[in-house]
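> Sequence first, then the predicted structure:
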Amino acid sequence: MEAGNHTAVSEFLLLGLTEDAELQPLIFILFLSMYLVTIRGNLLIILAVSSDPHLHTPMYFFLSNLSFTDFCISTTTIPKMLANIQEQDQSITYRACLSQVCSVMICGGLENGLLAVMAYDRYVAICHPLMYTVIMNPCLCVLMVLFSLSISTMHDLLHGLMVLRLSFCTAVEIPHFFCELAQVLKLPCLTP
């Protein structure tokens, strides 16, 4: 394509799970109920861990952070999908799409980091039980979460800045229900 055919894209189209109009209400109800259960469950875990002093241990600290991350990643993607189904409007602005990509990548990376930290926590608890409280002190736990968040954010910045440099054509359909990085990277116009 020639450089003259490029336009500044202001929105993308999220094609969703299906175009079958008869399935849309079923998908809406199914995803709304799963979303509400997910949000409720994660908030209950966070509330239980923060309110019960017996649960103020490294394992539950990491679990509540994992629940918060799951809450964030669910809230980043599902409400827009539900709104698109309800309003029968599949569009998402460029900024909202970029925000979704960044949020999903940060939360996904943080989730992976937290799972690795939780594995290390269990390793220390099993292999060094007498030194567990010394090794897994509150300061180290907070530092490990912050380190995971930092790595996740830096990784996202690399990809986010890459997406900002892309030029998109007029046909910008994403065959997904949210803006996923892999799908967004397939959309740019190629210049000779």
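Ah, there it is.
> wait, what's in contact with Leu30?
Residues near Leu30 by Cβ atoms under 8 Å, 6 or more residues apart in numbering: none. Every residue, glycine included, has its C-beta placed from N, CA and C.
> Start from the N-terminal end of the protein and give the helices.
24-51, 58-87, 94-127, 132-135, 138-164, 181-184 (DSSP state H).
> What angle do helix 138-164 and the longest one make with each other?
With axes from the mean of the first three to the mean of the last three Cα atoms, to 10 degrees as the basis, helix 94-127 and helix 138-164 are set at 150 degrees to each other.
> From Met162, how far out is the nearest residue to Met34 once chain neighbours are set aside?
Spatial nearest neighbour of Met34, excluding adjacent residues (Cβ to Cβ, 6 or more residues apart in numbering): Ile78 at 8.0 Å. Separation of Ile78 from Met162 (Cβ to Cβ, to the nearest Å): 26 Å.
> Which one's more surrounded, those two?
Set Ile78 next to Met162 and count neighbours by other Cβ atoms under 10 Å: Ile78 wins out with 19 against 11.
> Distance check, the more buried one against Gln86.
12 Å.
> With Leu149 instead?
33 Å.
> the more surrounded of these two?
Between Leu149 and Gln86, counted using other Cβ under 10 Å, the more crowded position is Leu149 (18 against 12).
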